[in-house]
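A.B. asks: okay, here's the prediction I keep looking at, along with the sequence it came from:
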Amino acid sequence: MDALLQIIETLRQRRRDLTQPYHVPGLWIDHQTTAARAVNPYDFYRSKLEWIAAQPPRPLVQGNGNGDWTQRAIVYNMFPRVTAAYDHAHDGTLSIGPSADGWRETGTLLKSIALLPYIQSLGVNTIHLLPITAVGQDGKKGTLGSPYAIRDPYVLDENLAEPALGLSADALFAGFVEAAHRLGMRVVMEFVLRTSSKDGAWIGQHPEWFYWIRADVPDRQPGSADSATYGNPLFSGAEMAAIKAKVAAHDFSQLPPPSGQYRAMFTLPPRPDRVWMEEGRWLGALDDGTRVRIPGAFTDWPPDDNQPPWTDVTYLRMYDHPDFNYMAYNTIRMYDERLARPENAVAGLWDAIAGVIPHYQQTFGIDGVMIDMGHALPRPLKQRIVASARAINPDFAFWDENFVIGQQSVDEGYNAVVGYLLFDFHQPEKLRAFLNRLAHERLPLPFFATAENHNTPRAAARPFPLQYVHFALALSVLLPGVPFIHSGFELMETQPINTGLGFTDEMIGAYPAEKLPLFSAWAFDWTRPDNLVNSVRYALQLRQKYVALLSDPDPATFFVGYSENPGFLIFARQNAEHTLVAVASATFEAREDGRVYLPVCQCALAPLWGTDVTHVGHGAVHLDVSLGNGHVLILEGGPEFPRLRK
């Protein structure tokens, strides 16, 4: 507990009265009430940390090795800069800089440690952190910049430290991991290892790890198709069809390149001694005097995607080949086979990338990572990343930012994928199809059982919010995935963190970067009187009570029922010890009434009169139900409950 005790001692030594009031929400104090109270932050945080240090160490969730503990994980997804933010001064604004007393209102790692007892009280055993590394400022979005614009993957964001303490972000994060482990919660970080911020720290030392374009080439404006300006490469309809056909056929030979005009924008990297920082931007000069700059990135696939350009990040140059010195689909994800050869790998860059996760394992003792954009990393590099981490900790977990629940993720060493349930939870027919898949197919690895994440609309922003959030919460804990509470869900937050997935153009227009918490200062409404905190606690208690059954992906434990009323969803989980039955109204506009059935037997009926055909008889347990909008029943069958059948 050295790191935690160091923070406690620093709080004790630096304790003083403040020049202005400092409030914290009731949930931070007693985990139940919502009204804020005035405190001295030195005393408050010291008392929280001392309580954690006094607790007997609780066991961490376990599995069968190689990160298999993920199967029984119950996750709280945390973005410290936002989750731990609060208007402590109660002046109606969320200050970006520290107060005159040296305390931040944006979220910090100290405040995140203080939140751990609250998070643990929900029934969570794993914390997943969105990126907490140093944030780039060149081309940044919003007032603070995106955590995915990583300036240096080896350096934590110093804005997550509290100036009042004089401790580094590293010291506080070490305390965070210690405290989480003491309370029985594993810690999973998130990294983007495919891109860098445009002002990345590596650029000055290793310009050859990056792509460069002539400084006189202007960036393409949104909506423009001017091929003389820089943006994602433009292809004709015929070229696009040929590209997609080859990729669909897994044919990466002779992939169609972008136009010569586009390729001519790119130059060789300048020498390190001819690279400099000017007004927050990296610039360089070639030996012939040509000024060059770092280009922004764009979506890696498909090439005709309509996403706006990524102004704050650039792609790392994974391979070096004179014929492929440009950024396009065939150099950043769907690698042309002439490029993706061992002799072309940029060895120093691969070494640096492969060392990131071991650094956090050895320095802080983290338990796993989510790899963002892992699909765009060269497969040999991914294999090296996984092997390096598991050489240090054989039980280290890897999670894949992938919406496909497929064998490829398993083959690459992953223990879980995001999956696609967060897109389908609010669509009854798609949800019904997913339940049928679970009943008939053993999925190759766990998925996130959640109705939202930081890129989607909030569950509480859907129609019939109170009914829908309870519907999603109740069903999520019954599925053989990973229950995933995106922070703010339990507070009924409606503001999306980002508009990355599932938003209309109108919705995207309503949320510019200055209004999105992923890029700008934002705090949840921790004092909202009506929240889901107790509902989440109860749901996660059910998950823990029946974890052996509910986390089991064997389709022999999953049964889908039926009803004459199409508005019902019916399924059951059953093993040798327990039977749980779920009946849900999948329509939120009206009450649903009817009889639901679960098959329990199937038997042949031999022909004796009137037919010469053997008939099949079916027996079922039935239940008469009347459910309001989105209501869910979860029932337990006793020892006498019959064995269910498909």
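C.D. replies: Perfect, I can see it now. This structure is a prediction, so every number in the text was calculated from the model and none was measured.

A.B. asks: what ranges do the helices span in the stretch 351-500 of the chain?
C.D. replies: Secondary structure of the stretch 351-500 of the chain (DSSP state H, counting those that start in this stretch): helices located at 356-364, 379-392, 407-411, 421-424, 428-440, 465-476.

A.B. asks: please name whichever of those helices is nearest to Ile150.
C.D. replies: Closest approach to Ile150 among the helices of the stretch 351-500 of the chain (CB to CB): helix 356-364, 9.7 Å. No exception for glycine: its C-beta is placed from N, CA and C like everyone else's.

A.B. asks: need the CA coordinates for the closest one. CSV is fine.
C.D. replies: Presented in CSV, the C-alpha positions along helix 356-364 are these (Å, rounded to 0.1, in the frame of the first residue of the first chain):
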residue,chain,number,x,y,z
VAL,A,356,3.5,0.4,-23.8
ILE,A,357,1.4,-2.3,-22.0
PRO,A,358,4.4,-3.9,-20.1
HIS,A,359,5.2,-0.4,-18.8
TYR,A,360,1.8,-0.1,-17.2
GLN,A,361,1.9,-3.7,-15.9
GLN,A,362,5.3,-3.3,-14.3
THR,A,363,4.8,0.3,-13.0
PHE,A,364,1.2,0.1,-11.8
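
A.B. asks: contact partners of it?
C.D. replies: For helix 356-364, contacts defined as CB atoms under 8 Å, 6 or more residues apart in numbering pick out 153-154, 170, 173-174, 177, 187, 189, 191, 193, 366, 369, 385, 388-389, 392-393, 396.

A.B. asks: give the buried residues for it.
C.D. replies: Using 16 or more other CB atoms under 10 Å as the test for burial, helix 356-364 gives Val356, Ile357, Pro358, Tyr360, Gln361, Phe364.

A.B. asks: pop the domain breakdown of the protein in here.
C.D. replies: 2-192+350-550, 201-345, 555-637 (automatic domain parsing).

A.B. asks: pick the most buried one from these.
C.D. replies: Stretch with highest mean neighbour count among the domains of the chain: domain 2-192+350-550 (a mean of 19; mean count of other CB atoms under 10 Å).

A.B. asks: how about the nearest residue to Leu115, chain neighbours excluded?
C.D. replies: Nearest residue to Leu115, sequence neighbours excluded (CB to CB, 6 or more residues apart in numbering): Ala84, at 5.9 Å.

A.B. asks: and for Arg341?
C.D. replies: Nearest non-adjacent residue to Arg341 (CB to CB, 6+ apart): Tyr319, at 7.7 Å.

A.B. asks: tell me the contacts of the one you found?
C.D. replies: Thr331, Tyr335, Leu339, Ala340, Arg341, Asn344, Ala345, Val346, Pro378.

A.B. asks: with Thr331 instead?
C.D. replies: By CB under 8 Å, 6+ apart, Thr331 lies in contact with Tyr319, Phe324, Leu339.

A.B. asks: what about 6 Å?
C.D. replies: Thr331 makes contact with Phe324, according to CB atoms under 6 Å, 6 or more residues apart in numbering.

A.B. asks: from Gly97, how far out is the residue nearest to Pro131 when sequence neighbours are not counted?
C.D. replies: Nearest non-adjacent residue to Pro131, counting by CB to CB, 6+ apart: Pro147, 4.0 Å away. Distance of Pro147 to Gly97, computed by CB to CB, to the nearest Å: 18 Å.
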